[in-house]
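Participant: A structural model of the following input is requested.
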Amino acid sequence: MLTEMRGIVMDFGPVRAVDHVDLTVEPGEIHGLLGENGAGKSTLMNVLAGTFVPKAGDIRLNGQTVRMHNARTAMRHGIRFIHQELNLCQDLKVFENMYLAQELKTKGGLLDKQRMADNAKKVFERMRVAIDPWETVENLQTADKQLVEIARALLFECDLIIMDEPTSALSGQEIDNLFAIMRQLKQQGVSFIYISHKMPEIFEICETYTVLRDGKFVSTGNIQDVTQEQITQMMTGKALQDDTFDSRVSSAKEQVALEARDLSGDGFAHVSFALRAGEILAVTGLQSSGREQLADALFGVMPHTGEILVQGKPVKGSVRSFMRRGVAMVPRNRKERGIHNDLNILDNLSMGYFNTRMKEKIISAAKEKARYLRQKQALRIRADNPKNVISSLSGGNQQKVILGRWLETDANVLLFDNPTQGIDVGSKFEIYNLMLALAKEGKAILCFSAEFPEILKVADRCVVMYKGSISAVLDRSQMTEESLMHHSTGSVRENQHV
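Facilitator: Numbers count the residues shown, from 1 in each chain. Model (predicted):
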């Protein structure tokens, strides 16, 4: 199906999010849609998927102008959208989510659950993933939830699949499987619009590209005709200094800020390490390594045995106990764990302060606004009105609000759990530099990440996990992508403690 968008304009009140943008996708083509957070990518795709009705412009399928009145209309035209933020009903089973609003029924008019589950299982087998269609979604790990979103799109025959950051929670093998499925469907004439901030992925899977900046069209062409540096410059409007920070001097001090002693919990066992003030310590590992569960335990989210000490004193109990002891967390999967969709930007930013530092009984609107303006300037948050709901912001700007929330608490220990998930390349470097600046101030930073290039840019040391325990502890001189992968796959078990 030839897909064309011509002169698309989309306004949100006085803000023009998409300004006369053109996009063409050929049948059987994998087309990369690129731009920083807030560039208009998701808005443009929501127009194509029928979520938004544009102020101006046309959509043409095989030369015929069509009106996308809603998402159901787009689905009838063979268009499926896998959103960056997960859109699953947590209390429904996997197959029920996949068939939501398109359920199969028996001749007697009852839901044909067995047939739906069997069909869902066939899709998972095709994807080479082991997900039980009868499992309730809330019991799945984030990566498996993302795979369910992808499987839902593959379940139905379609001509165009839009993928917005589909690999943000996937392991290397899962990404390879996804790309294999995409290439197989491409041979059958299915087209893809692929949105990602991971440049190596774009150059591996996409044939063509379109770049947006500030809601406007910048460039389009063949991937083989450009370099990653050129694409980045198109996206940001300037050359980006890719500083690997190899020559930086560690800010780590002797004082231990956080210590884990023989921690065990669901997914990890006998984990011990010490994080020093001024140090950036990374924790990495593939899916099922226990990395995510360990992060939750260190902020009081997950039950555990063993001991957690902050500034030499044990901490037990709730999340609030850890917050009041100067521990902060920027969580993974911000939609489910980081933001409150129904609250405005101001309240989302201030809630950490309310729980840890506020002594007054009445909220001061002036002080709340001052906190917002301080963090808006420091983190370059792009927002027009702080009274707007936080869901009105792009994913990258939502992440910056969460960062600002914790900076206002003046915490001494900062846990960053997958901090650049769904973040554009420019914002990534802003976050990296922020982490380095905080370390220089003496803050202790624990960064949980599966992004090896990210770890190499900022970490002083790295704890590598495999099947729930520590496989290796590497200092900066020992860290390479090869060594991190080597220990992440269990090729060598050193059973070290930090």
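Participant: going forward, measure contacts between C-alpha atoms and count neighbours the same way
Facilitator: Will do.
Participant: show me what whichever strand or helix holds D296 is packed against.
Facilitator: In the assignment (DSSP states H and E), D296 maps to helix 291-297. Contacts defined by 3 or more C-alpha pairs under 8 Å, 6 or more residues apart in numbering; DSSP states H and E place helix 291-297 against strand 256-265, strand 268-276, strand 413-417, strand 444-448.
Participant: and that helix, how far out from the chain's middle?
Facilitator: Taking C-alpha atoms, centre = their mean, to the nearest Å, one finds helix 291-297 lying 17 Å from the centre of the chain it belongs to.
Participant: with stretch 443-455 instead?
Facilitator: That offset, for stretch 443-455, works out to 14 Å (C-alpha atoms, centre = their mean).
Participant: cool, and stretch 67-83?
Facilitator: Counting by C-alpha atoms, centre = their mean, stretch 67-83 is centred 24 Å from the centre of its parent chain.
Participant: alpha carbons of that stretch, as CSV, please.
Facilitator: What follows is stretch 67-83, C-alpha atoms only, in CSV (Å, rounded to 0.1, in the frame of the first residue of the first chain):
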residue,chain,number,x,y,z
ARG,A,67,-10.3,10.5,6.1
MET,A,68,-9.1,8.9,9.3
HIS,A,69,-12.0,9.7,11.6
ASN,A,70,-10.7,7.5,14.4
ALA,A,71,-8.3,4.6,15.1
ARG,A,72,-10.9,2.0,14.0
THR,A,73,-11.0,3.7,10.6
ALA,A,74,-7.3,3.4,10.3
MET,A,75,-7.4,-0.2,11.3
ARG,A,76,-9.9,-0.9,8.5
HIS,A,77,-7.5,0.6,6.1
GLY,A,78,-4.7,-1.7,7.3
ILE,A,79,-2.8,0.7,9.6
ARG,A,80,-1.6,-0.4,13.0
PHE,A,81,0.2,1.8,15.6
ILE,A,82,2.5,0.3,18.3
HIS,A,83,2.8,3.2,20.7
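Participant: now the strands for the stretch 101-250 of the chain?
Facilitator: Under the criterion DSSP state E, counting those that start in this stretch, the stretch 101-250 of the chain carries strands at the ranges 160-164, 191-195, 208-213, 216-222.
Participant: which one of those strands lies closest to N37?
Facilitator: Across the strands of the stretch 101-250 of the chain, N37 has its closest neighbour in strand 208-213 (9.1 Å, C-alpha to C-alpha).
Participant: what average pLDDT does the closest one get?
Facilitator: Averaging pLDDT along strand 208-213 gives 95.
Participant: make 13 the starting number, not 1.
Facilitator: Yep, numbering from 13; the last one is strand 220-225 now.
Participant: need the residue closest to the centroid of this protein.
Facilitator: The centroid of the chain falls nearest to Q433 when counting by C-alpha atoms, centre = their mean (2.9 Å).
Participant: look at that one and give its secondary structure.
Facilitator: At Q433 the chain is in coil, as set by DSSP: H, G, I helix; E, B strand; the rest coil.
Participant: that one touches S180, doesn't it?
Facilitator: Yes: counting by C-alpha atoms under 8 Å, S180 is a contact partner of Q433 at 5.9 Å.
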